[in-house]
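A.B. asks: coordinates only, sequence not included:
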């Protein structure tokens, strides 16, 4: 189980860095072209994993699941990257990770998942941390923030879908490769139709080494590796548990935004980062803490009855 938590944490680290990569990529390319090249690089990096695959690995469940998850992922990334054109890295990362709170609500409302009081307490603690990270100011919202929130909604559904299919497919690598391929195809079509090829004709991406390096980094680390870690983690973890761990991408993005783009990070925001990190650290020990609380409660109850006889 702790291996699953480790995979989720590593995915968060790479996704947090991905916000910085997106900002650099947008300096030379439009949002959907950034998405296309990012996932094309990821798809190429994952191709060697086809080696050793069996015919049974390419079953209907794998193909169907990867296409469904790939479609969600395409538009989730698009809304996130498009929104980043109009808002800051810290604010984008804050709104994006609201999926961590939307996901358990969906699981509770539609799938009757039972969530412990400790989990809700951890979620509330993390939410307070995120509000502090945003300096308690969420009133100055704009068009980019709205697009980012749409991405967060899709992210919640994507988390639930990945959890469902990760438990069913025979080989996770094949599932992830087809998911990357789906994003490549859909993002290419959308980029051609809505963004055109003018930005490619200009060839600015080849002269902008920062943007080119950022897209290569995102393709390798924030996409091929990170999403593989996500699928591995969600084979064992509930989607709402994974969602809380993925909260780490927000403080990571905010800190990187501070150092790279000189975006302000106040003492309140730093306190929020620490609170989110603390919430994530507690989560792997949920069952241990619940057992400790139950044992402590059972020991205290007889003593309380002696002090307060009925």
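C.D. replies: Ah, there it is. Here the structure is a predicted model, which is why all the values come from computation and not from measurement. Numbering: from 1, shown residues only.
A.B. asks: sketch out the low-pLDDT regions of the stretch 51-200 of the chain for me.
C.D. replies: 90, 93, 134-141 (pLDDT under 70).
A.B. asks: please, where are all the helices along it?
C.D. replies: Assigned by DSSP state H, counting those that start in this stretch, the helices in the stretch 51-200 of the chain fall at 60-83, 89-96, 99-111, 117-133, 143-166, 172-190, 198-202.
A.B. asks: tell me which of these sits most buried.
C.D. replies: helix 89-96 (a mean of 26; mean count of other C-beta atoms under 10 Å). In this view, the C-beta of every residue, glycine as well, is placed from N, C-alpha and C.
A.B. asks: show me how far that helix is from its chain's centre.
C.D. replies: How far helix 89-96 lies from its chain's middle: 12 Å, per C-alpha atoms, centre = their mean, to the nearest Å.
A.B. asks: ditto for stretch 255-272
C.D. replies: In terms of C-alpha atoms, centre = their mean, the centre of stretch 255-272 is found 20 Å from the chain centre.
A.B. asks: and if you look at stretch 234-242?
C.D. replies: With C-alpha atoms, centre = their mean, you get 12 Å for stretch 234-242.
A.B. asks: same check, this time on stretch 245-264
C.D. replies: Using C-alpha atoms, centre = their mean, the offset of stretch 245-264 from its chain centre is 14 Å.
A.B. asks: can you give the contact residues for that stretch?
C.D. replies: Residues outside stretch 245-264 that contact it (C-beta atoms under 8 Å, 6 or more residues apart in numbering) are 5, 8-9, 11-13, 15-20, 23, 88-90, 92-94, 96-97, 99-100, 126, 129-130, 133, 233, 237, 265, 269, 272-273, 276-277, 279-280, 283.
A.B. asks: same thing but 6 Å
C.D. replies: Here stretch 245-264 makes contact (C-beta atoms under 6 Å, 6 or more residues apart in numbering) with 8, 12, 15-16, 19-20, 88-90, 93-94, 97, 100, 126, 133, 265, 273, 276, 280.
A.B. asks: cool, stretch 229-243 as well?
C.D. replies: With C-beta under 6 Å, 6+ apart, stretch 229-243 has contacts from 4, 7-8, 10-11, 99-100, 103-104, 107, 159-160, 162-163, 166, 172, 176.
A.B. asks: change it to 7 Å
C.D. replies: 1, 4, 7-8, 10-11, 99-100, 103-104, 107, 115, 159-160, 162-163, 166-167, 172, 175-176, 283 (C-beta atoms under 7 Å, 6 or more residues apart in numbering).
A.B. asks: same check, this time on stretch 119-136
C.D. replies: If you take C-beta under 7 Å, 6+ apart as the criterion, stretch 119-136 is touched by 90-91, 94, 97, 100-101, 104, 244, 247, 250-251, 254, 266, 268-269, 271-273, 275-276, 279, 282-283, 286.
A.B. asks: do stretch 53-70 as well
C.D. replies: 158, 161-162, 165, 168-171, 174-175, 178-179, 182-183.
A.B. asks: next one: stretch 197-209
C.D. replies: The list of residues contacting stretch 197-209 from outside it, by C-beta under 7 Å, 6+ apart, reads 27-30, 33, 211-212.
A.B. asks: for ChimeraX, write the select line for the buried members of the residues you listed.
C.D. replies: Buried residues among the contacts of stretch 197-209 (16 or more other C-beta atoms under 10 Å), as a ChimeraX selection:
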select :28,29,30,33,211,212
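A.B. asks: what residues of stretch 205-214 count as buried?
C.D. replies: The neighbour-count check on stretch 205-214 (16+ other C-beta under 10 Å) flags 205, 208, 211-212, 214 as buried.
A.B. asks: can you redo those residues as CSV with distance to residue 62, pLDDT and secondary structure?
C.D. replies: Compiled in CSV, the buried residues of stretch 205-214 are given as follows (distance: C-beta to C-beta, whole Å; pLDDT from 0 to 100; DSSP: H, G, I helix; E, B strand; the rest coil):
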residue, distance to residue 62, pLDDT, secondary structure
205, 33, 72, helix
208, 38, 78, coil
211, 34, 83, helix
212, 33, 87, helix
214, 31, 89, helix
